[in-house]
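> Predicted model and sequence follow; I will ask about them next.
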Amino acid sequence: MKLHEYQARDILARQGIPVTGGGVATTPDDVRRIAEAIGGRVVVKAQVFVGGRGKAGGIALADTPADAEAAARRILGMNIKGLTVEKVLVAEAITYEREIYLGVVMDRATRAIVLMASAEGGVEIEEVARTNPDAIVKIAAHPMLGLLDFQARDLAFGIGLRDARQVRQFAQIASALYRIYMETDATLAEINPLVVKADGSLQALDSKIVLDDSALFRHPELEALRDSSDEPEAERRAREAGITYIKLDGDIGCMVNGAGLAMATMDVVKLYGGEPANFLDIGGGAGKEKVKAALQIILSDPNVRAVMFNIFGGITRVDEVARGIVAALAEVPTSVPMIARLVGTNEVEGRRILAESTLIPAATLAEAAEKAVAAARTS
């Protein structure tokens with residue numbers, strides 16, 4: 001789950017990281033009032049979940065409250081890469097001498113939480129990694145003790161900070177960003193840019209936080225910040241139904257119970273020359289209503305030319321899944337061929353229920369994948 005810049009900014013501020021003053025607005029009048037309260041030059045920034053806002057015209061500097069209001073009238077309602085701007089952040093414009101990147105992320109290669117810093121801030125860190133990887137300094141936090149003080153200082157030295165006051169402030173900011181990452185169960189927390197002002201102090205101008213959806217049950221206050229404007233409709237429906245769904249580019253829809261089994265199912269589909277249209281895990285204990293919702297989501301993808309069910313009935317009962325499939329087909333009739341491999345708890349009853357439908361039975365995963373690939377090619 002992504003947070004808007006203004007939401008991430010508020011979290012940074014609560015941890016003592018210096019951020020720019022200002023506020024979020026939804027109308028030009030509100031923008032003018034915030035600009036008047038700031039009392040100087042401001043920047044008006046579109047709040048959408050895409051990069052390249054500046055190039056698209058979604059960021060504007062304003063010398064007066066009237067200019068800020070005029071900028072807001074232009075930016076609010078603007079379409080940036082398919083997303084409509086509904087909110088803007090109005091912040092004080094800062095004069096600075098240098099830009100720094102600072103981020104915290106999980107490095108799966110080293111199985112560690114890594115802090116990254118670069119003297120080349122203000123641009124995407126992926127671009128820096130591609131063009132000048134030596135400009136990125138990385139330090140792995142201790143798995144038990146967290147980010148240690150000397151590590152934060154080493155990070156500062158690594159990007160060329162030498163002034164004792166700057167090094168100390170940078171270390172404080174790095175430690176605070178690490179705490180944010182850990183306490184919010186984030187997958188990414190970054191400040192870009194972290195700027196060095198004329199007086200030598202540091203300030204965060206832009207920030208980004210991405211949260212782990214699987215941990216949001218521990219953070220209802222963060223879940224309440226969700227903005228699903230950039231979330232595909234099918235994925236939103238899946239999330240609300242408690243289904244794990246990711247759309248892919250193939251044409252064989254897959255409904256599976258269990259993440260590992262779903263990955264194996266997609267592998268076997270590809271082994272037989274097909275391309276999965278989605279990753280979909282209905283989870284353990286899925287009842288009729290969840291199965292029906294999952295099938296409706298799969299069939300909402302116009303690219304789907306065949307649907308493959310691979311259900312192992314452990315906690316999930318095969319007959320419940322079968323009833324869900326039949327119920328969904330009654331409400332969403334389709335000519336797309338469907339192949340079902342259902343084994344486990346109550347599989348005899350489940351097969352009896354499906355025998356009265358048009359589904360094509362399969363005894364093994366390999367057989368199901370082979371039939372699904374053939375059906376997709378001929379449908």
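Yep, that arrived. Numbers count the residues shown, from 1 in each chain.

> domain ranges for the protein?
21-92, 96-223, 231-378 (automatic domain parsing).

> got those domains as CSV, with mean neighbour count and mean pLDDT columns?
Where C-beta positions appear, they are placed from N, C-alpha and C, glycine not excepted. Output for the domains of the chain, formatted as CSV (neighbours: other CB atoms under 10 Å; pLDDT from 0 to 100):
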stretch, mean neighbour count, mean pLDDT
domain 21-92, 18, 94
domain 96-223, 17, 93
domain 231-378, 19, 88
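
> Which among those is found nearest to residue 13?
Nearest to residue 13, of all the domains of the chain, is domain 96-223, at 8.8 Å by CB to CB.

> follow-up on the earlier one: got the domains of the chain as JSON lines, with distance to residue 8 columns?
Converted to JSON lines, the domains of the chain look like this (distance: least, CB to CB, whole Å):
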{"stretch": "domain 21-92", "distance to residue 8": "10"}
{"stretch": "domain 96-223", "distance to residue 8": "4"}
{"stretch": "domain 231-378", "distance to residue 8": "18"}
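
> Of all the ones you listed, which one is nearest residue 1?
Nearest of the domains of the chain (CB to CB): domain 96-223, 4.5 Å.

> Figure out the length between the terminal residues of the closest one.
End-to-end distance for domain 96-223, by CA to CA, to the nearest Å: 35 Å.

> now stretch 47-56
Chord length of stretch 47-56, first to last residue, is 13 Å (CA to CA).

> Residue 22 and residue 38 touch, don't they?
Yes - between residue 22 and residue 38 there is a contact under CB atoms under 8 Å: 6.0 Å.

> Could you name every residue contacting both of the two?
90, 91, 92 (CB atoms under 8 Å, 6 or more residues apart in numbering).

> Mind putting the residues you listed into TSV with distance to residue 375 and secondary structure?
TSV is the format used below for the shared contacts of residue 22 and residue 38 (distance: CB to CB, whole Å; DSSP: H, G, I helix; E, B strand; the rest coil):
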residue	distance to residue 375	secondary structure
90	55	strand
91	55	strand
92	61	strand
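
> between those residues, which is closest to residue 356?
Set against residue 356, the nearest of the shared contacts of residue 22 and residue 38 by CB to CB is residue 90 (62.1 Å).

> what residues are up against that closest one?
Residue 90 neighbours (CB under 8 Å, 6+ apart): 22-25, 31, 34-35, 38, 42-45, 68, 72.

> again, only this time at 6 Å
Contacts for residue 90 (CB atoms under 6 Å, 6 or more residues apart in numbering) come out as 22, 25, 31, 34, 35, 42, 44.

> same question, residue 137
Contacts of residue 137 (CB under 6 Å, 6+ apart): 117, 155, 158, 159.

> for the strand or helix carrying residue 10, the distance to its chain's centre please.
If you go by DSSP states H and E, residue 10 is part of helix 5-14. Here helix 5-14 is found 17 Å from its chain centre; the criterion is CA atoms, centre = their mean, to the nearest Å.

> so what does that helix touch, helix or strand wise?
If you count contacts as 3 or more CB pairs under 6 Å, 6 or more residues apart in numbering; DSSP states H and E, helix 5-14 packs onto strand 207-211.

> so how far is the helix ranked longest in the chain off the chain centroid?
Across the chain, the longest stretch assigned as helix under DSSP state H is helix 164-183. How far helix 164-183 lies from its chain's middle: 24 Å, per CA atoms, centre = their mean.

> tell me the angle of the helix or strand immediately after it in the chain relative to strand 207-211?
Next in sequence after helix 164-183, counting helices and strands by DSSP H and E, comes strand 186-197. Interaxial angle of strand 186-197 relative to strand 207-211 (axes from the mean of the first three to the mean of the last three CA atoms, to 10 degrees): 170 degrees.

> Could you check the angle strand 186-197 makes with helix 5-14?
80 degrees.

> Show me how far strand 186-197 is from its chain's centre.
17 Å.

> For it, which strands pair with it and how are they oriented?
With DSSP bridges as the test, strand 186-197 is paired with strand 96-107 (antiparallel), strand 202-204 (antiparallel), strand 207-211 (antiparallel).

> In helices, which of the contacts of residue 137 appear?
Short answer: the contacts of residue 137 in helices (DSSP H) are 155, 158.

> JSON lines for the contacts of residue 137, including distance to residue 234?
Below are the contacts of residue 137 laid out as JSON lines (distance: CB to CB, whole Å):
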{"residue": "117", "distance to residue 234": "38"}
{"residue": "155", "distance to residue 234": "41"}
{"residue": "158", "distance to residue 234": "44"}
{"residue": "159", "distance to residue 234": "42"}
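
> So which of the contacts of residue 137 is the closest to residue 187?
residue 117 (18.5 Å).

> What residues are bridge-paired with the closest one?
For residue 117, the beta-bridge partners under DSSP bridges are residue 102, residue 137.

> what's near enough to touch it?
If you count contacts by CB under 6 Å, 6+ apart, residue 117 has them with 102, 137, 155, 159.

> got the contact list for residue 203?
Contacts of residue 203 by CB under 6 Å, 6+ apart are 18, 195.

> about what we covered before: just the contacts of residue 137 now: which is nearest residue 302?
Using CB to CB, residue 117 comes nearest to residue 302 of these, at 44.9 Å.

> coming back round to it: and the longest helix of the chain, C-alpha only, in CSV?
C-alpha atoms of helix 164-183 as CSV (Å, rounded to 0.1, in the frame of the first residue of the first chain):
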residue,chain,number,x,y,z
ALA,A,164,30.3,17.4,12.5
ARG,A,165,26.9,19.0,12.8
GLN,A,166,25.8,17.7,9.4
VAL,A,167,27.0,14.2,10.2
ARG,A,168,25.2,14.2,13.5
GLN,A,169,21.9,15.4,12.0
PHE,A,170,22.2,13.0,9.1
ALA,A,171,22.7,10.1,11.6
GLN,A,172,19.6,11.2,13.5
ILE,A,173,17.5,11.4,10.3
ALA,A,174,18.8,8.0,9.2
SER,A,175,17.9,6.4,12.5
ALA,A,176,14.5,8.0,12.5
LEU,A,177,13.8,6.7,9.0
TYR,A,178,14.9,3.2,10.0
ARG,A,179,12.5,3.4,13.0
ILE,A,180,9.7,4.4,10.6
TYR,A,181,10.4,1.5,8.3
MET,A,182,10.3,-0.9,11.2
GLU,A,183,7.4,0.5,13.2
